[in-house]
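Colleague: Okay, here's the prediction I keep looking at, along with the sequence it came from:
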Amino acid sequence: MSTILLNEISEKLQRGKAKDVAALVEQALAEGVAPEIILNDALVVGMNVIGDKFRENQVFVPEVLVAARAMNAGLKILKPALAGAGVEPLGTAVICTVKGDMHDIGKNLVKMMIEGQGIACIDLGVDVDAQVIVDTVKNNDVQLVCLSALLTTTMHGQKDVIDALKEAGLRDQVRVMVGGAPVTQAFADEIGADCYTLDAASAAREAVRLIREMRA
Amino acid sequence: MKLTASERFARYLSGQCVDRMPAIEWAPWWHLTLGRWYGEGLPADCAGVEAIQDYFGLDKCLQTGVSYFTPASPVVIPGSGVGCMEDEEDWARIKPTLFPDVRTVIPQSHFDWLQRTHERGDTLHFFTVEGFFWYPRVLFGIENHLYSFYDYPELYKEMCQAYADWLVELFDYVFSRFHFDFMSFAEDMSYNSGPMISKECFDEFLAPFYRKVIPVIHKHGIPVFIDSDGDITMAVDWYASVGADGMFPLERQAGVDVSTYLDKQPQMSFLGHFDKMCMKHGESAMRAEFERILPSMQRGKVIASVDHQTPPDVSMENYKAYVALLHEYAAKITHQGSNITPCPVFDTAERSKA
């Protein structure tokens, strides 16, 4: 019975039906399904399907956004139960768009996809100074720093953050992931980032790998 | 063969012989790039697109844009990504403040200037409006716009219908007073992995409105380009299906390869595609980039140009080297003896006259 319900949650999530997802998560909890099962076997599974389809150009940005919104509706119901059951997030990521850049749609997409993997996100917003990121890493148990830039004029801000982390002696405590329209693997290598991904779905997958690597 | 800028452009798009490829920049320069160049010797009084094009020896290519906003419209800060409406109620409030009388959007003095500079023979003029992806994005804001396809589908269509009705009136008024060399719809609907929306979304929310307005532009014999950054490999077919004649800027960094577009849409014209990221590396890197594009320039209606604005890491010396190379490679393209598929708009215009 719970398998049918979990599949239904996953399917409704993929179709962006936020209200249905919230109601079904409530129903699953009421029926005694363990919160971590609902998270991993329904919400994360649904977001992974959407992520794979996004990478294959079978679904596009609006479909990812409405699916992520549905996932958040489910997570909102689920969070107290997860906390009650002592289920911890997989890890914590700091995410932002770098200094001088006001674009946030790519950053928001990555954040939603990462949260869909059970990773807590500290979203610092757009136009973020390197020092603010350093302070956030210093003051929180952070494993991953995700930096977005949309412009060729601002992408070098990603290097500034990496340099600032080095200067503060924090570079080895975190993995740094970069992305955005002008960013390439070659640029990521040049500035010393740990990871570059082409799209939000790949970013979420890599985020899980990097955090697991850090916690191993 | 002595051609005016307009004759050269029209012949180029028609697949006819020309003296050379147009040597143009369609976009103005970034303030950061200009700031650097002023420090490197660009005269301080050389300001404004026309003066800068002249200084570097480019063919002049000037844009005229109009807005659907009026002084009574809500303020939307350009580039902020923040819109001015969320739902039907907001639209009902905002709509009466949009879409000014088409007779007022371009002053007569501007029409006079367009005519004067056109008659000089050295200037291309293009007309720009927002497309049916860009315009709702401005009103909704970036994120709500992407949700609107699911949250407010009928409102989206109603907004586009109102805009399309206004554009039809606008195009008939403006193009009966001045013949622009081409026009562009600003869209930016792709990013580095492809289009932001699906083909189904395009067909439902954008295509009907393009199919309404593009024939009106074609009736005046004006080719239609779509301006979309990012990887347009899928979108080029979608825009071809609604009658667009060309696209720009074909960003190399997003993986665009114009030769594949010529294979699948040979009737279309393509402007841009010169990888801006190589320019900082100097003359030999830029020559290699022109060599990469040259076969496409020789077999189709490709007008090589910087694939968006020149970045600020390019020195003025390197930019001058780029312009010299642009002229060198432009001279190689005469389409003499080539079998170039003509731009269909010129056939449409002929049919319309008949």
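Modeller: Nice, I can see it. Residues are numbered from 1 along each chain as shown, chains lettered A, B, ... in the order given.
Colleague: so who does residue 181 touch?
Modeller: With no chain named, the answer covers chain A. Residues in contact with A:Ala181 (C-beta atoms under 8 Å, 6 or more residues apart in numbering or on different chains) are A:106, A:150-151, B:191-192, B:229-230, B:253-254. Just so you know, the C-beta spots here come from the backbone N, C-alpha and C atoms, and that holds for glycine as well.
Colleague: That was the other one, I meant chain B.
Modeller: B:5-6, B:9-10, B:124-126, B:222.
Colleague: out of those, who's nearest chain A?
Modeller: Minimum distance to chain A across those is 24.4 Å, recorded for B:Phe126 (C-beta to the nearest C-beta).
Colleague: any idea whether that closest one is helix, strand or coil?
Modeller: strand (DSSP: H, G, I helix; E, B strand; the rest coil).
Colleague: Can you give me the neighbour number for it?
Modeller: B:Phe126 has 21 neighbours, counted by other C-beta atoms under 10 Å in any protein chain shown.
Colleague: Hmm, B:Thr64 and it touching each other?
Modeller: Yes - taking C-beta atoms under 8 Å as the definition, B:Phe126 is a contact partner of B:Thr64 at 7.3 Å.
Colleague: between the two, what contacts are shared?
Modeller: With C-beta under 8 Å, 6+ apart as the test, B:Phe126 and B:Thr64 both reach B:Phe180.
Colleague: Give me every residue in chain A lying close to chain B.
Modeller: A:16, A:57, A:59-63, A:65-66, A:69, A:102-106, A:108, A:152-153, A:181-182, A:184, A:198-199 (C-beta under 8 Å from any C-beta of the partner chain).
Colleague: Mind doing that once more with 6 Å?
Modeller: Neighbours of chain B within chain A, by C-beta under 6 Å from any C-beta of the partner chain: A:16, A:57, A:60-62, A:65-66, A:105, A:152-153, A:181, A:198-199.
Colleague: Check which helix or strand B:Pro208 maps to.
Modeller: helix B:207-219 (DSSP states H and E).
Colleague: what's that helix packed up against?
Modeller: helix B:153-175, helix B:344-353 (3 or more C-beta pairs under 6 Å, 6 or more residues apart in numbering or on different chains; DSSP states H and E).
Colleague: Point out where chain A drops to low pLDDT.
Modeller: By pLDDT under 70, the low-scoring segments of chain A are A:1.
Colleague: Am I right that A:Asn48 is in a helix?
Modeller: Yes - counting by three-state DSSP, A:Asn48 falls inside a helix.
Colleague: circling back to that earlier point, filter the contacts of A:Ala181 down to the ones in helices?
Modeller: A:Gly106 (DSSP state H).
Colleague: export the contacts of A:Ala181 to CSV and tack on distance to A:Glu206 and neighbour count?
Modeller: Output for the contacts of A:Ala181, formatted as CSV (distance: C-beta to C-beta, whole Å; neighbours: other C-beta atoms under 10 Å in any protein chain shown):
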residue, distance to A:Glu206, neighbour count
A:Gly106, 15, 21
A:Leu150, 20, 25
A:Leu151, 23, 20
B:Tyr191, 19, 21
B:Asn192, 17, 22
B:Asp229, 25, 23
B:Gly230, 22, 23
B:Gln253, 21, 19
B:Ala254, 21, 20
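Colleague: what's the burial count for the nearest residue to B:Trp238 once chain neighbours are set aside?
Modeller: Nearest residue to B:Trp238 in three dimensions, chain neighbours excluded: B:Phe202, at 4.9 Å (C-beta to C-beta, 6 or more residues apart in numbering or on different chains). B:Phe202 has 23 neighbours, counted by other C-beta under 10 Å.
Colleague: same check, this time on B:Val18
Modeller: 22.
Colleague: Would you check that it makes contact with B:Glu7?
Modeller: No - look at B:Val18 against B:Glu7 with C-beta atoms under 6 Å: they stay out of range, at 8.5 Å.
Colleague: which stretches of chain A form helices?
Modeller: A:2-14, A:18-30, A:35-38, A:44-55, A:61-84, A:105-115, A:130-139, A:156-167, A:185-191, A:200-215.
Colleague: among those, which is the most enclosed?
Modeller: Ranked by mean neighbour count, the helices of chain A are led by helix A:105-115 with a mean of 24 (mean count of other C-beta atoms under 10 Å in any protein chain shown).
Colleague: Which one, of the helices of chain A, ends up nearest to B:Ile333?
Modeller: Nearest of the helices of chain A to B:Ile333, taken as C-beta to C-beta: helix A:185-191 at 31.1 Å.
Colleague: ok, which pair from the residues of chain A next to chain B is furthest apart?
Modeller: Those two in the residues of chain A next to chain B that are separated most widely, counting by C-beta to C-beta, are A:Gly16 and A:Thr153, at 34.6 Å.
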